Structure formats: structure tokens, C-alpha cells
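In: coordinates only, no sequence provided:
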């Protein structure tokens with residue numbers, strides 16, 4: 001579920017990029033568009049790392065501040081696009097096509113996530129009941145080693 005949330009947020013950010021260029025009449029090479037893309041790209045890396053730590057590390061109890069700011073920026077841009085683009089973009093859009101697009105987006109994301117989980121289970125094997133597998137990467141002496149461990153659910 002966490003990966004699906006991350007995928008949907010990423011898609012909202014990409015959709016915001018498209019809407020900003022069309023709601024506010026700016027060419028793609030406008031300095032604002034380029035600066036926004038660079039800032040969002042620089043912000044996405046630590047945000048993704050904080051989200052990954054929050055989702056995978058049981059000792060991590062809260063989401064990092066950069067991730068929260070990234071989520072707030074994405075939601076604020078979405079609200080601005082809806083507010084100023086309602087008459088221009090959404091008045092010509094058929095509601096059924098928009099709902100179909102959202103449903104298809106969710107289904108394709110869910111199916112892709114399910115398929116990737118099945119491939120991972122097939123490749124690395126499934127865990128016994130009460131245990132869970134996790135993959136750990138160890139970088140030591142400039143050599144990358146991969147280990148698959150099992151944790152008891154006790």
C-alpha cells in the first residue's frame with residue numbers, strides 16, 4: 001500500500017507540471033517552469049529516502065520534514081490547478097472520462113505493484129507464516145553484497 005501511495009503522489013506531481021504549463025500560459029522553457037522542475041527534482045530525492053525509511057524501518061515512528069513539505073507542495077499545486085483551471089480545463093472535460101482515467105490509473109498502478117510483488121516472491125521465495133523476508137544491502141570495502149534475511153513475527 002505504501003508503494004501505491006508513493007506512485008500516486010508521484011503521478012500527481014507530474015500532472016501538476018502539465019497543468020501549470022496549461023492553466024497559466026507559460027512556455028515549457030519559461031524560467032519558472034525550469035526552476036520548479038529542478039527544485040522538485042532536488043526535493044524528491046531526500047523525500048523519497050525519508051518515506052522509504054518510514055515505511056521499511058519499524059523503529060522510525062514519523063515521516064521526515066522534507067517528505068511532509070514535498071507532500072504539501074504537491075497538494076498546494078493541485079489545489080491551485082483546480083482553482084484556476086476549473087473553468088479552462090475542467091469545463092471542457094467530460095466527467096466520465098476523468099473518472100475512467102482515475103480508475104484506470106489506480107488499477108494499472110495496483111496491477112503493476114501486484115505483479116512486482118509476485119515476481120519478488122517467485123525470485124526470492126516466500127516467507128513462512130509468522131516471518132517476513134527483507135532484503136539488505138551492505139556496502140563494505142567498495143563491494144556491494146546482497147543478503148536476504150528472515151525475521152520472526154514474535
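Out: Now that the structure is in, tell me what you want to look at. The shown structure was predicted, so the numbers you read here are calculated from the model rather than taken from an experiment.
In: grab the nearest non-local neighbour of residue 6.
Out: Once flanking residues are discounted, residue 6 sits nearest to residue 51: 6.1 Å by C-beta to C-beta, 6 or more residues apart in numbering. Heads up, the C-betas are built off the backbone N, CA and C, glycines and all.
In: quick one: list the elements packing against whatever helix or strand residue 115 lives in.
Out: Per DSSP states H and E: residue 115 is located in helix 95-124. The contact analysis (3 or more C-beta pairs under 8 Å, 6 or more residues apart in numbering; DSSP states H and E) places helix 95-124 against helix 2-23.
In: the helix it packs on: how far from the chain's middle?
Out: Put simply, helix 2-23 sits 8 Å off its chain's centre (C-alpha atoms, centre = their mean, to the nearest Å).
In: quick one: mean pLDDT for it?
Out: When pLDDT is averaged over helix 2-23, the result is 83.
In: ok, now stretch 29-47?
Out: 88.
In: residue 70: what's it in contact with?
Out: 40, 43, 44, 47 (C-beta atoms under 8 Å, 6 or more residues apart in numbering).
In: give me the subset of the residues you listed lying in helices.
Out: The members of these that map onto helices under DSSP state H are 40, 43, 44, 47.
In: report how many residues lie close to the third one.
Out: For residue 44, the tally of surrounding residues (other C-beta atoms under 10 Å) stands at 17.
In: grab the nearest non-local neighbour of it.
Out: Setting aside the residues directly before and after it, residue 44 is nearest to residue 70 in space (C-beta to C-beta, 6+ apart), at 6.7 Å.
In: check the secondary structure at the one you found for me.
Out: When classified by DSSP: H, G, I helix; E, B strand; the rest coil, residue 70 comes out as helix.
In: what's the separation between it and residue 93?
Out: 27 Å (C-beta to C-beta, to the nearest Å).
In: thinking again about what came up before, what residues of whichever strand or helix holds the residue nearest to residue 6 count as buried?
Out: Assigned by DSSP H and E, residue 51 falls within helix 31-56. Across helix 31-56, burial judged by 16 or more other C-beta atoms under 10 Å covers 33, 36, 40, 43, 44, 47, 48, 50, 51.
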